[in-house]
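My questions concern the predicted model and sequence given below.
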Amino acid sequence: MKIYKILSIFLVVPLIFINQLFSQNEITGHYYYHNDINQPVEDINVKLYDLNNNLITSVTTNADGEFTFSGIDYGDYIISAEISEESFGVDLYDAMLVFWAAHGWIELTEVEFAASDVDADGEVDMWDFHLIFVEYLIQGNPFPGGDWAFQDIPITLEPTRSVIVYTQNAWATSRGDVEGEWDPSGRDIDLFSTDYYILSKTDKQETTKFAIASSFEGELNGFDLSLVYPIDKINIISISGPDENFNYSVDNESGIIRANWLNQSRETSSVSGDRLFVIEVAANQSEQIENGEIVGLLPGGLLIDNENNKLNNTEIKLPLLENEQLTNVDVSAYPNPVVSNLKFNVSTTSEFSQASLEIYDLSGKKVVGINNIEIHDGEQEILVNTEGLLPGNYVYSFSFIGEGEKNIRGHFVKSK
């Protein structure tokens, strides 16, 4: 009898040890963009909280969007997430979807609702539409609710469950990206091709008006374009669009023009694609407006036809004043998209001896400035380190001086 009791004691001790060992569970799960398993989101900071909002631990998702918490006691928890990456993939079509949702014309999924609720007040309304349509696309302002939204995951670890606990797949979304078009590489919508039409002018013309148009001659329900202009050569006098739903902004520091319009009714649109909006410009210091390209096109534009389809194979028509010096200097940027080292191939004549280079993001902030670049006749390569730039679209501006003066602008995409 005594031997039996002793054996019982020795049997209980291992059971207590095993129970304590198995109480140290693992929790593992994934974050996918808009619940698309083909779009895992890397570098998310995933946090584990108890029900009193005390932080237990945090981990970072890997390239597969996977996270794992190890050594977790039994109990009730909430998993939440955040990321430092800026939002991408927001365009006019997203604004249109939010407009429809605010009027009750469409229903949103849970992740679409979170993407639409850019002020994070728990509602999708006309203020969210305004924040995307005007504040973000035209003014370049960030969303009040932050750049990203994530699905919180409640989880309970019980002694009867296995050591490794798999959570439900969770969604992540860049705010404003209702369609879910974000790309982890940071690349944006492709640039529309450009066509030029000759703009006539008189010798003593003080101002010049010209139309921004497209090769699509049918009716549109919306457009969103960004342009650049030479700030040292011209002033923007006015910009006019189809009606009161037209918005624009002009940044005199970076020379960036943003303009958009959306048909905000269920009535048939009367806006034709062959005439989007009109810009009036004047030469600086009362000088005659120079020949050549007046404005250039930036990436990320969008046209929506009257059946709410995105127009892809469409040219944007810009004005061109004839110029005998157009072939005197040429600049190309490669690779484009670029990761860390952007190369400018410059081909010019001996007319130019020096140049300066400035690079702006699409908010108008100058991120690179290089002066006193020596320019020689023929071809040369100028290298710029872009490793420190955030993924997205950028505008570069070269100013060449010497016997003559020339300004060339272009764009490139910084990849992750």
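Thanks, I have the structure now. Numbers count the residues shown, from 1 in each chain.

what's the strand or helix carrying V98 packed up against?
Take DSSP states H and E as the rule and V98 turns out to sit in helix 92-102. If you count contacts as 3 or more C-beta pairs under 8 Å, 6 or more residues apart in numbering; DSSP states H and E, helix 92-102 packs onto helix 110-116, helix 126-130, strand 219-228, strand 256-262, strand 302-305. Where C-beta positions appear, they are placed from N, C-alpha and C, glycine not excepted.

Tell me the confidence at the residue nearest to the spatial centre of the chain?
By C-alpha atoms, centre = their mean, the chain has its centre lying nearest to F88, at 3.2 Å. Note on F88: pLDDT of 75.

wait, isn't it in contact with T173?
No. Counting by C-beta atoms under 8 Å, F88 stays clear of T173, with 11.2 Å between them.

overlap in contacts of the two?
Jointly contacting F88 and T173 under the rule C-beta atoms under 8 Å, 6 or more residues apart in numbering are W182.

how far away is N407 from A120?
In this view, N407 and A120 are 42 Å apart by C-beta to C-beta, to the nearest Å.

ditto for S397
From S397 across to A120, the span is 36 Å (C-beta to C-beta).

neighbour-wise, which of those two wins?
Using other C-beta atoms under 10 Å as the criterion, S397 and A120 rank with S397 on top: 22 against 14.

so that one bridges to which residues?
Under the criterion DSSP bridges, S397 forms beta bridges with E358, R409.

okay, now N312: neighbour count?
For N312, the count of nearby residues is 10 (other C-beta under 10 Å).

Please apply the same query to V295.
Here the number of neighbours of V295 (other C-beta under 10 Å) works out to 22.

these two touch, right, it and L227?
Yes. Contact criterion C-beta under 8 Å: V295 and L227 qualify, at 4.5 Å.

shared neighbours of these two, anything?
Common contacts of V295 and L227 (C-beta under 8 Å, 6+ apart): I212, I257, L318.

I'd like to know how far the second one sits from I164.
Plainly put, I257 is 55 Å away from I164 if you go by C-beta to C-beta.

re earlier: need the contact list for the residue nearest to the residue nearest to the centre of the chain when sequence neighbours are not counted.
Residue nearest to F88 in three dimensions, not counting chain neighbours: W182, with 5.3 Å by C-beta to C-beta, 6 or more residues apart in numbering. Applying C-beta under 8 Å, 6+ apart, we find W182 in contact with Y33, Q39, S87, F88, G89, T173, S174.

What are the contacting residues of the host helix or strand of S353?
For S353, the element it lies in under DSSP H and E is strand 352-361. Strand 352-361 is contacted from outside by 254, 256, 328-329, 344, 346, 366-375, 382, 384, 389-390, 392-404, 406, using C-beta under 8 Å, 6+ apart.

just the angle between that strand and strand 256-262, please?
On the basis of axes from the mean of the first three to the mean of the last three C-alpha atoms, to 10 degrees, strand 352-361 is oriented at 40 degrees to strand 256-262.

circling back to that earlier point, for the record, mean pLDDT for the helix holding V98?
For helix 92-102, mean pLDDT is 97.

before we move on, back to that, please identify which of I257 and I164 sits among more neighbours.
Using other C-beta under 10 Å, the more surrounded residue of I257 and I164 is I257, with 21 against 11.

close enough to count as contact, the more buried one and N247?
No. The pair I257 / N247 is not scored as a contact, 11.5 Å apart, by C-beta under 8 Å.

So which bits of stretch 365-377 are buried?
By neighbour count on 16 or more other C-beta atoms under 10 Å, the buried set for stretch 365-377 is V368, I373, I375.

And for stretch 237-257?
In terms of neighbour count (16+ other C-beta under 10 Å), stretch 237-257 has its buried residues at 239, 241-242, 246-251, 254-257.

Can I get it in CSV, CA atoms only?
The C-alpha coordinates for stretch 237-257 follow below in CSV (Å, rounded to 0.1, in the frame of the first residue of the first chain):
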residue,chain,number,x,y,z
ILE,A,237,-2.8,82.4,-64.9
SER,A,238,-5.9,80.2,-64.7
ILE,A,239,-7.2,76.7,-65.2
SER,A,240,-10.8,75.9,-66.1
GLY,A,241,-12.7,72.6,-66.3
PRO,A,242,-16.1,71.2,-67.3
ASP,A,243,-18.1,72.3,-64.3
GLU,A,244,-18.2,72.9,-60.5
ASN,A,245,-16.9,69.3,-59.9
PHE,A,246,-13.5,70.2,-61.5
ASN,A,247,-10.6,70.6,-59.0
TYR,A,248,-7.0,71.6,-59.6
SER,A,249,-3.9,72.7,-57.7
VAL,A,250,-0.7,74.5,-58.8
ASP,A,251,2.6,74.1,-56.9
ASN,A,252,4.8,77.0,-57.9
GLU,A,253,7.8,75.4,-56.2
SER,A,254,7.9,72.1,-58.0
GLY,A,255,6.0,73.1,-61.1
ILE,A,256,3.4,70.4,-60.6
ILE,A,257,-0.3,70.8,-61.8
